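Student: Quick one, structure for this:
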Amino acid sequence: MTSKNVIQYLILFSVLFLFTGCGTSVVSVTGEILYDGKPASDISVLFEPKSESTRIADAGLAVTNSGGQFTLFSTGVKKRNGIEPGEYTVFMGWKNPNATDNMPEGATIKPVNSPYKFPEKLINGNVVVTVNSKDINRFIFRVTADDITWE
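Tutor: Sure thing, here's the model as predicted:
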């Protein structure tokens, strides 16, 4: 094999590597949270991978908008829209829109009661969903203080 052929193969390999990428692919995951039948805003949504082979850094995170809708992004090193296919435990909690992450030392803010009470099933990690690689991954969660259902 000549050096010209070796260079051509290296260039071809490099181009193929760039187009295939070097990470696992992610899929879009969207959804809606309804609390007592109404859109729930300012809900933090966490999809935590169930697989031990998936790092916690590959969890999905979102906050619902005023219409109760969310789109997950990957919490890994690269912030990507979507998450890897697989099984996930779903957690939710109210994100106080008046809270600040950068409070001066010693400062306090008046606690605000959450407008939502989440069922034990959700708090205990009993809500498990499957994110598929080929399907449309849109989840609708119907939450009450006592129960949660999803489709």
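Student: what about the protein, any weak spots by pLDDT?
Tutor: Applying pLDDT under 70 to the chain flags residues 1-24, 52-57, 77-78, 98-112.
Student: which stretches of it form helices?
Tutor: 3-20, 120-123 (DSSP state H).
Student: Which elements pack onto the last one?
Tutor: Yep, that's helix 120-123 we're talking about. strand 86-94 (3 or more Cβ pairs under 8 Å, 6 or more residues apart in numbering; DSSP states H and E). (Glycine included, C-beta is placed from N, CA and C.)
Student: Thr144 contacts Tyr35, correct?
Tutor: Yes - the pair Thr144 / Tyr35 is scored as a contact, 7.3 Å apart, by Cβ atoms under 8 Å.
Student: okay, those two: which has more neighbours?
Tutor: Tyr35 (23 against 15; other Cβ atoms under 10 Å).
Student: How about the more buried one: what's its closest non-neighbour residue?
Tutor: Once flanking residues are discounted, Tyr35 sits nearest to Val143: 4.9 Å by Cβ to Cβ, 6 or more residues apart in numbering.
Student: Quick check: that neighbour vs Gly82, distance?
Tutor: For Val143, the distance to Gly82 (Cβ to Cβ, to the nearest Å) stands at 23 Å.
Student: Ok, Val128 next?
Tutor: 19 Å.
Student: And for Pro119?
Tutor: Pro119 is 27 Å from Gly82, by Cβ to Cβ.
Student: Looking at the two, which one has more neighbours?
Tutor: Just comparing Pro119 and Gly82: by other Cβ under 10 Å the higher neighbour count belongs to Gly82, 18 against 15.
Student: Quick one: residues contacting that one.
Tutor: 26-29, 60, 72-74 (Cβ atoms under 8 Å, 6 or more residues apart in numbering).
Student: farthest-separated two in those?
Tutor: Spatially, the most separated pair among these is Val27 and Phe73, at 12.2 Å (Cβ to Cβ).
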